[in-house]
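**Q** Okay, sequence plus prediction incoming.
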Amino acid sequence: MSEDRDHTIATASVTSEETPYGVRINTGGHALRGDEPVDHGGADSGPAPFGLLLSGLGACTAITLRMYAEHQSWPLAGVNVELTYVVKDRNTRWIDRLITLHGVDENQRAKLAEIAEKTPVTRVVRAGTEIRTTTGTA
């Protein structure tokens, strides 16, 4: 694990279960589940890993836009974020993100669209982040 503890933003612990691909996830004291769909050999007992990735991106988008609107005292009444991970071929893939903003005017909507491109998780996904992997024994 990283020695840069002073700058840790989040942690997660994932433990495999008895079912072939089911996992228990703990992050920030919250218990979640993950799995693969039945047609991929799982039991569909929780979201698949790409669903969890999209969920994090969508949550960050909605939360950041709400924070920005509150800071500007804008009348943002709600945010909906629909995400789809699309794979065209081995080298072509992307995330479609549709953001529906409720209660703001066109100028505010344009600024919030600009802010959506700068959310922390958007930047990490877009730029990629180094992953430092080690293994251990039980």
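**A** Sure thing, it's come through.
**Q** Tell me the gap between stretch 55-62 and the middle of its chain.
**A** Centroid separation for stretch 55-62 versus its chain: 5 Å, with CA atoms, centre = their mean, to the nearest Å.
**Q** Show me which positions of that stretch end up buried.
**A** G56, L57, G58, C60, T61, A62 (16 or more other CB atoms under 10 Å). Bear in mind the C-beta positions are built from the backbone N, C-alpha and C, glycine included.
**Q** Could you do stretch 88-98 as well?
**A** I95, R97.
**Q** Then stretch 27-46?
**A** Neighbour-count burial for stretch 27-46, counted by 16+ other CB under 10 Å, picks out G34, D35, E36, G42, G46.
**Q** Just the C-alphas of it, formatted as CSV.
**A** Provided in CSV are the C-alpha atoms of stretch 27-46 (Å, rounded to 0.1, in the frame of the first residue of the first chain):
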residue,chain,number,x,y,z
THR,A,27,-15.4,1.8,1.8
GLY,A,28,-15.7,4.6,4.3
GLY,A,29,-17.6,2.4,6.7
HIS,A,30,-20.2,1.5,4.0
ALA,A,31,-20.9,-2.1,3.0
LEU,A,32,-21.5,-2.8,-0.6
ARG,A,33,-21.6,-5.8,-2.9
GLY,A,34,-20.2,-6.5,-6.3
ASP,A,35,-20.6,-9.4,-8.7
GLU,A,36,-20.8,-10.3,-12.3
PRO,A,37,-24.1,-10.9,-14.2
VAL,A,38,-25.3,-14.4,-14.6
ASP,A,39,-24.4,-14.5,-18.3
HIS,A,40,-20.7,-13.9,-17.2
GLY,A,41,-20.7,-16.6,-14.6
GLY,A,42,-21.7,-14.6,-11.6
ALA,A,43,-24.9,-14.6,-9.4
ASP,A,44,-25.8,-10.9,-10.2
SER,A,45,-25.8,-10.2,-6.4
GLY,A,46,-24.5,-6.7,-6.9
